[in-house]
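# Here is my input, please return the structure:
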Amino acid sequence: MTRKLFRQGPAPNVVVYSPYPETHACAYIRIVAPMRAATWNVIWAPKQGRSWQLLDAEIARTADLIVVQRQFPSVATEDVLKALLRLRIPIVYDLDDMLLDVPRSHPSQVELHKRTPYIKWALREVDLVTVSTSQLQQSLKGYTSRPVRVQPNLVDWALFDKPPRKRNGTVCFLISGTSTHRSDWVLIEEPLAEILAQYGNVAKAVFFGQAPRRFADHPSVNVIEFEDRYAQYASRLRTLDIDAALVPLEDNEFNRCKSDIKWLEYSAAGIPGAYSDVMPYRSSIRHRASGLLVANTADAWFEAMDVLVSDPQATSFMIDNSRQQVREKYSVESATASYIAMYEDLLGHKHRRAIFSGLSTLGPRLMTRAQRAVTGSPFLGRHVMWRINKK
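Have a look, this model is predicted:
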């Protein structure tokens with residue numbers, strides 16, 4: 001029996017509760033692009049004011065499916081989540097990072113840690129948890145009895161598509177990311193400095209977002225401001241004169257749960273690259289066939305950069321292969337049907353409330369709520385909060 005591409009009848013209404021606007025990368029990649037490609041109606045729940053507590057929960061009554069995304073569960077959205085869970089509408093919780101195991105080096109670690117009881121609560125209450133990788137799936141299974149299924153990231157090919165750039169005598173490396181990648185950049189600082197020195201005016205680098213301090217005034221390095229709006233980010237990426245990308249990734253549990261989205265985007269944009277030989281890239285890239293997989297040592301990174309500079313035939317071969325692989329298997333244009341199938345199975349069903357599941361997180365949630373109230377009061381913060389923190 002062959003599954004139909006999309007269900008018959010009116011397009012489903014999907015109401016999304018996310019910490020991001022629908023123009024943000026996480027929103028666009030995980031929800032907006034594939035669902036709208038399937039002609040589903042995607043509705044971003046609007047705020048009634050600046051506070052998350054004023055987020056419109058009534059609009060969810062019009063939904064065939066509710067999607068809660070990433071770190072939306074928090075003390076500020078608890079009442080909204082309670083209202084959503086009282087509805088008889090199926091709810092999906094979508095994650096593309098292991099937010100329950102954030103390393104201390106991450107700039108948002110403290111804030112994300114405060115959301116832990118709410119994230120655990122959501123994991124136990126929703127009808128389906130969707131994640132971007134099998135590694136993240138395995139890491140989350142111990143936190144919920146609800147189904148956790150892998151929904152791989154797809155790249156909007158039309159948004160990024162650009163033929164590989166022809167070499168013009170120089171090679172420009174791209175290193176993209178914000179302050180969340182500081183620990184990753186440590187892996188390439190020394191070898192990149194050596195390559196720039198060895199090749200003189202031939203090798204250059206562009207940091208798209210932020211850069212390590214040592215490269216702030218480097219004559220061969222340019223730093224451009226990061227673009228949070230995903231469509232504008234893709235447009236800017238296509239305009240850059242880039243010959244190869246460097247994607248270092250520290251090997252830790254948090255990073256192993258990440259997806260290969262940079263490989264997908266760079267391949268679509270015609271940019272060959274060198275990627276840390278860790279999950280998630282190890283599962284996608286065939287070394288020297290669709291990219292370079294690099295051990296996280298200074299020598300290995302220097303060698304990879306040297307290949308990207310000195311062997312244009314090898315880089316051309318890799319990017320041709322990766323573009324074909326990504327376009328055929330991991331693009332919105334080719335894989336929307338399999339993406340939608342996972343959600344189609346929920347349509348028409350009623351949300352199943354988990355019995356007593358909220359009790360296991362009730363204590364931590366009450367503590368977080370009390371700390372929030374105390375923090376907002378100078379008197380209580382001065383005379384009460386220190387006692388809680390001391391304990």
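
# Quick check: the gap between the residue lying closest to Leu85 once chain neighbours are set aside and Thr180.
Nearest residue to Leu85 in three dimensions, chain neighbours excluded: Glu125, at 5.5 Å (Cβ to Cβ, 6 or more residues apart in numbering). All C-beta atoms are positioned from the backbone trio N, CA, C, and that covers glycine. Distance of Glu125 to Thr180, computed by Cβ to Cβ, to the nearest Å: 28 Å.

# The two - which one has more neighbours?
Neighbour comparison, Glu125 and Thr180: the larger count goes to Glu125, with 24 against 13 (by other Cβ atoms under 10 Å).

# Tell me how far stretch 66-84 lies from the chain's centre.
Distance, stretch centre to chain centre, for stretch 66-84: 19 Å (Cα atoms, centre = their mean, to the nearest Å).

# three-state assignment of Ile66?
Here Ile66 is recorded as strand under DSSP: H, G, I helix; E, B strand; the rest coil.

# Show me the beta-bridge partners of it.
Per DSSP bridges, the residues bridged to Ile66 are Val15, Ile91.

# thought it was touching Leu84?
Yes: with contacts counted by Cβ atoms under 8 Å, Ile66 reaches Leu84, the gap being 5.8 Å.

# residues shared between the contacts of these two?
Residues touching both Ile66 and Leu84 (Cβ atoms under 8 Å, 6 or more residues apart in numbering): Tyr17, Ala60, Ile91.

# what's the pLDDT at the closest residue to the second one other than its chain neighbours?
With Cβ to Cβ, 6+ apart as the criterion, Ala60 has its nearest non-adjacent residue at 4.9 Å, and that residue is Val15. Val15 is assigned a pLDDT of 97 by the prediction.

# now Val15: how far from Leu154?
When distance is defined by Cβ to Cβ, Val15 is 21 Å away from Leu154.

# what about Asn321, helix or strand, and which?
Asn321 is part of helix 312-329 when elements are defined by DSSP states H and E.

# Looking at that helix now, give me its mean pLDDT.
Across helix 312-329, the average pLDDT comes to 97.

# before we move on, back to that, with neighbour count and distance to Val294 as added columns, please give the shared contacts of Ile66 and Leu84 in a markdown table.
Shown next, in a markdown table, are the shared contacts of Ile66 and Leu84 (neighbours: other Cβ atoms under 10 Å; distance: Cβ to Cβ, whole Å):
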| residue | neighbour count | distance to Val294 |
| --- | --- | --- |
| Tyr17 | 24 | 39 |
| Ala60 | 21 | 45 |
| Ile91 | 25 | 40 |
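
# Tell me the one among the residues you listed nearest to Asp320.
In terms of Cβ to Cβ, no member of the shared contacts of Ile66 and Leu84 lies closer to Asp320 than Tyr17, at 41.0 Å.
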